[in-house]
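Trainee: quick one, what's the 3D model for this:
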Amino acid sequence: MNKESYAFVESGLLGERIPLKVEGVNLTGACDPCNTTWSPPSTITFLKGNYTVSYMAQIRENHIQLAFEEPYNVTIGLPSGLDVRNPFMGMISPGGIATDRENETVEVTWESTRNAEIRFYDAGRLDLLYLFGNFWIILAVILLMPFVLTMRRRM
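Mentor: This is a model prediction of the structure:
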């Protein structure tokens, strides 16, 4: 994309643009080094061209949601111990593809999208899901046992 700026914002409750606090901003492209200038409140500007912007920001509630004015290629890397692939616990918005990477990390990519969203989980939450499921299966067996025993006596 032939861009000359990138704004770091998140959507508020009413869809308003709220500046996002980011760190570790890295601009890569056909320049060496790629120089950026910060403009208030949270926009970087650079020479017009096709670049890749990477950054780190705080994540709240195991949920990442990104919205763009124009389509972009988006890649989200999850560190070891986090996952999105169990449909009962995690979620990937349409068009996203989850891929295993080295060191048990997961990478989710979208090509030419205006929206990207994931809900991820850790191993502890997955263990709680299995515990919850086992509890209900055991409860169902206990409640159905008298019915099954009376059906056998009738036959």
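Trainee: where along the chain do the strands fall?
Mentor: Applying DSSP state E to the chain gives strands spanning 3-7, 9-11, 17-19, 22-28, 37-39, 43-49, 52-57, 63-78, 82-83, 91-92, 97-100, 106-119, 121-122.
Trainee: in its sheet, what does the fourth one sit against?
Mentor: Within its sheet, strand 22-28 is paired with strand 52-57 (antiparallel), according to DSSP bridges.
Trainee: how about residues contacting the strand it pairs with?
Mentor: For strand 52-57, the external contacting residues (Cβ atoms under 8 Å, 6 or more residues apart in numbering) are 6, 8, 20-29, 44. To be clear about C-beta, it is placed using only N, CA and C from the backbone, and glycine gets the same treatment.
Trainee: and those, which of them are buried?
Mentor: With burial judged by 16 or more other Cβ atoms under 10 Å, the buried subset of those is 6, 8, 27, 44.
Trainee: OK, contacts around the spatially most central residue of the chain?
Mentor: With distances taken as Cα atoms, centre = their mean, residue 118 lies nearest the centre of the chain, 2.9 Å away. Counting by Cβ under 8 Å, 6+ apart, residue 118 makes contact with 63, 64, 76, 84, 90, 91, 92, 93, 96, 108.
Trainee: mind putting the strands of the chain into TSV with mean pLDDT and distance to residue 137?
Mentor: As requested, the strands of the chain are exported to TSV (pLDDT from 0 to 100; distance: least, Cβ to Cβ, whole Å):
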stretch	mean pLDDT	distance to residue 137
strand 3-7	87	49
strand 9-11	85	40
strand 17-19	89	44
strand 22-28	90	45
strand 37-39	89	55
strand 43-49	90	53
strand 52-57	89	40
strand 63-78	90	29
strand 82-83	94	23
strand 91-92	96	24
strand 97-100	94	28
strand 106-119	95	25
strand 121-122	94	21
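Trainee: and these, which is most packed in?
Mentor: strand 82-83 (a mean of 20; mean count of other Cβ atoms under 10 Å).
Trainee: what sits closest to residue 64 if chain neighbours are left out?
Mentor: With Cβ to Cβ, 6 or more residues apart in numbering as the criterion, residue 64 has its nearest non-adjacent residue at 5.2 Å, and that residue is residue 118.
Trainee: distance of that neighbour from residue 89?
Mentor: Look at residue 118 and residue 89: by Cβ to Cβ, to the nearest Å, they are 12 Å apart.
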